[in-house]
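>>> coords please:
(2 chains)
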Amino acid sequence: AQSVTQPDIHITVSEGASLELRCNYSYGATPYLFWYVQSPGQGLQLLLKYFSGDTLVQGIKGFEAEFKRSQSSFNLRKPSVHWSDAAEYFCAVGAMDSSYKLIFGSGTRLLVRP
Amino acid sequence: NAGVTQTPKFQVLKTGQSMTLQCAQDMNHEYMSWYRQDPGMGLRLIHYSVGAGITDQGEVPNGYNVSRSTTEDFPLRLLSAAPSQTSVYFCASRTGLAATDTQYFGPGTRLTVL
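Next comes the predicted model:
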């Protein structure tokens, strides 16, 4: 069965520092992978997605993610974090069944120190 | 476009009460779905619809009903609320049925069942 693991529940970084959020997936074929961000009290906003091709994907707000098949990972990165990046981040994989659902990880909450 | 809208934003129910969570989208998307978000568990699919008049169950459908009489609206009904249904509920719509299509989320409804 498909699954997504985000091993870090919380991460705290200083403003201006680099960021990497980890995501591991379980799926036999090439997965469809997504990163969403949820600001406090808000819905989920798509940051970026990977389907095929170049394994380094650029997204909005200066985020990027790298697909590594050998490690079953799709880690999210940002070179310099801003205070407004404090939010919860969800990695998801597209289910390959008739539900067309997204299978989400449990999320990583990012805290940004001034 | 307003995107995906949900009402109400907050709701408190007593055990056994019924209510309907409203969801509407103005993007002419055929696919709509309902997720619930619980702490440490990410989002889980409740019900989904691939078009007007067509609905199906997701991972956690028990205690919920849906119908889809129009393309725009996809209400979620709680027939007899239980404390286990305390959660944040997100409605989503997507541009199509291809796995690569983007899913858009509403702002959520925070439901507490006492």
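>>> how about the strands of the chain, start to end?
Looking at chain A here, since you left the chain open. Under the criterion DSSP state E, chain A carries strands at the ranges A:3-5, A:10-14, A:19-21, A:24-26, A:33-38, A:44-50, A:56-58, A:64-68, A:73-78, A:87-94, A:102-104, A:108-113.
>>> think we crossed wires, I meant chain B
So, for chain B - with DSSP E - the strands run B:4-7, B:10-13, B:19-25, B:31-37, B:43-51, B:54-57, B:64-66, B:76-78, B:87-94, B:103-105, B:109-113.
>>> out of those, deepest packed?
Stretch with highest mean neighbour count among the strands of chain B: strand B:31-37 (a mean of 25; mean count of other Cβ atoms under 10 Å in any protein chain shown). (Glycine included, C-beta is placed from N, CA and C.)
>>> Name the nearest residue to residue 29, ignoring sequence neighbours.
With no chain named, the answer covers chain A. Excluding the flanking residues, the one nearest residue A:29 by Cβ to Cβ, 6 or more residues apart in numbering or on different chains is residue A:96, at 7.3 Å.
>>> wrong one, chain B
Nearest residue to residue B:29 in three dimensions, chain neighbours excluded: residue B:93, at 3.9 Å (Cβ to Cβ, 6+ apart).
>>> With chain A as the reference, measure out to that neighbour.
11 Å (Cβ to the nearest Cβ, to the nearest Å).
>>> And for residue B:53?
16 Å.
>>> ok so, going back, for the residue nearest to residue B:29, list the residues it contacts.
Neighbour list for residue B:93: B:4, B:25, B:27, B:29, B:31, B:32, B:33, B:74, B:103, B:104 [criterion: Cβ atoms under 8 Å, 6 or more residues apart in numbering or on different chains].
>>> Run through the bridge partners of it.
residue B:32, residue B:104 (DSSP bridges).
>>> Residue B:68: neighbouring residues, count only.
The tally of other residues near residue B:68 (other Cβ atoms under 10 Å in any protein chain shown) stands at 20.
>>> Report pLDDT for whatever residue of chain A ends up closest to chain B.
Using Cβ to the nearest Cβ, the closest approach of chain A to chain B is made by residue A:104 at 3.4 Å. Note on residue A:104: pLDDT of 92.
>>> I'd say it and residue B:43 touch.
Yes - the pair residue A:104 / residue B:43 is scored as a contact, 4.6 Å apart, by Cβ atoms under 8 Å.
>>> show me the contacts for the residue nearest the centre of chain B.
Centroid-nearest residue in chain B, with Cα atoms, centre = their mean: residue B:34, separated by 2.8 Å. The contact partners of residue B:34, by Cβ under 8 Å, 6+ apart, come to B:21, B:23, B:45-48, B:58, B:64, B:66, B:74, B:76, B:89-92.
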